[in-house]
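Student: only geometry, no sequence info:
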């Protein structure tokens, strides 16, 4: 048995219970009874009710172990004018997060959130970074989605399995709340293509400006998504 299989076999594999609608209702009722104007807490109140529903109790237990895992990879489509920034920014941002100097690093530090960044498919040699950053690398960059498959089927399945394995590992290690993020120049283009394909929507409706492309850049991006 390889190391991946051995790790998976020792971690929880049962289903995760969805947040309880009944507990959420109790949490909102409790929130409404507090000495604050209705809606004064904004999204914080909504998140508090969600947390109570996820934990199954009101009030929710305080969170003392919150983690963020950022998965980094490059997209071949970034070389085709769909982003306002060059693909090299992906590598630079990975290094900035590792150094603890990124915006997300400051926000996380202010709230006691542990941040991890993993090189899953960055199109660069990051072997000088800590091994835990590069240990999960599947490939260097992806194919341009309007010209070729972004990945092979095996690579796509390995990426999905990696996400599931990371979630199980963090949960088994005591994480009470696990957040994920993706990092990679050009990432909103394949994201828009996936939304269009899965929901049957036209490219015009799902294509945004991402990092702030101009009208010509948006048109190129729309055409890539449509293709």
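Tutor: Looks like it arrived, so ask away. Since the model is a prediction, treat every value here as computed from it, not as a measurement. Numbers count the residues shown, from 1 in each chain.

Student: From here on, just use CA atoms for contacts and neighbour counts.
Tutor: Noted.

Student: And the average pLDDT for stretch 207-223 is what?
Tutor: Averaged across stretch 207-223, pLDDT comes to 94.

Student: Ends of it, what's the gap?
Tutor: Stretch 207-223 has its terminal residues 9 Å apart, counting by CA to CA, to the nearest Å.

Student: ok, now stretch 61-79?
Tutor: One end of stretch 61-79 sits 47 Å from the other (CA to CA).

Student: Show the subsequent helix or strand relative to the helix or strand hosting residue 67.
Tutor: Element membership for residue 67 (DSSP states H and E) is strand 66-73. Reading on from strand 66-73 to the C-terminus, the next helix or strand found by DSSP H and E is helix 88-98.

Student: tell me the angle of that following helix relative to strand 66-73?
Tutor: If you take axes from the mean of the first three to the mean of the last three CA atoms, to 10 degrees, helix 88-98 sits at 150 degrees to strand 66-73.

Student: ok, and for helix 88-98, which residues are buried?
Tutor: Buried residues in helix 88-98, counted by 16 or more other CA atoms under 10 Å: 90, 91, 93, 94, 95, 97, 98.

Student: What of stretch 26-38?
Tutor: Buried residues in stretch 26-38, counted by 16+ other CA under 10 Å: 26, 27, 28, 31.

Student: which non-adjacent residue is nearest the second one?
Tutor: In this case it means residue 27. Leaving out its chain neighbours, the residue that sits closest to residue 27 by CA to CA, 6 or more residues apart in numbering is residue 49, at 5.1 Å.

Student: what's near enough to touch the one you found?
Tutor: Residue 49 sits next to 24, 25, 27, 28 when contact means CA atoms under 8 Å, 6 or more residues apart in numbering.

Student: Look up how far residue 220 lies from the last one.
Tutor: Between residue 28 and residue 220 the distance, using CA to CA, works out to 45 Å.

Student: where does this structure have low pLDDT?
Tutor: Residues of the chain that meet the criterion pLDDT under 70 lie in 1-15.

Student: what about the helices in it?
Tutor: 3-9, 21-32, 43-55, 88-98, 103-110, 131-134, 153-172, 188-199, 203-206, 215-226 (DSSP state H).
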